[in-house]
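Q: Mind folding the following:
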Amino acid sequence: MIVPPATPVASATDDPRRFTFPKAPAVPKVSAKAIFSLIFGILGVIPPLNFLLVFGVLAIVFGRSARNAIKVDTRLRGGTVAVAGIFLGWTGFALGLMMTFALLVARQAWAGFFTALFDAVF
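A: Alright, predicted model coming up:
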């Protein structure tokens with residue numbers, strides 16, 4: 001009995017139709033908290049809105065939380081964005097306090113002026 005020669009079996013790696021592309025490395029994402037910190041910081045610096053003082057506080061809180069999350073999770077980035085949000089938050093908070101104080105002082109000054117004017121006329 002004559003045995004035919006064995007045919008080689010092609011492996012999956014030899015088949016060109018089964019080629020798969022290598023996976024791209026994971027791209028680090030910017031932290032959403034850092035972006036919110038920057039947005040609230042920008043809103044806190046705008047003059048009519050910084051009287052509320054809440055935007056500055058939110059920017060500081062979100063920025064600090066983002067920086068802590070970025071330190072823990074190496075896949076996140078956006079530390080500079082978080083620092084910018086914290087800086088704008090403190091700036092907006094300080095501007096809001098100064099504008100509120102100036103408004104209260106001006107109100108007292110005008111109240112004294114109108115009281116003196118009223119007393120002089122009547």
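Q: Tell me where this structure is predicted with low confidence.
A: Applying pLDDT under 70 to the chain flags residues 1-20, 114, 117-118, 121-122.
Q: ok, now with 90
A: 1-28, 47-52, 74-75, 100, 102-122 (pLDDT under 90).
Q: Show me what the lengthiest helix in it is packed against.
A: Looking across the chain with DSSP state H, the single longest helix is helix 79-121. On a contact count with 3 or more Cβ pairs under 8 Å, 6 or more residues apart in numbering; DSSP states H and E, helix 79-121 meets helix 32-45, helix 54-72. Backbone N, C-alpha and C define where each C-beta goes, glycine included.
Q: how much distance is there from that helix to the middle of the chain?
A: Relative to the centre of its chain, helix 79-121 is centred 26 Å away, using Cα atoms, centre = their mean, to the nearest Å.
Q: Next: stretch 34-44.
A: Using Cα atoms, centre = their mean, the distance from the centre of stretch 34-44 to the centre of the chain it belongs to is 5 Å.
Q: List the buried residues in it.
A: By neighbour count on 16 or more other Cβ atoms under 10 Å, the buried set for stretch 34-44 is 34, 35, 36, 37, 38, 39, 40, 41, 42, 43, 44.
Q: Next up, the contacts around the third one.
A: The contact partners of residue 36, taken as Cβ atoms under 8 Å, 6 or more residues apart in numbering, are 58, 62, 66, 85.
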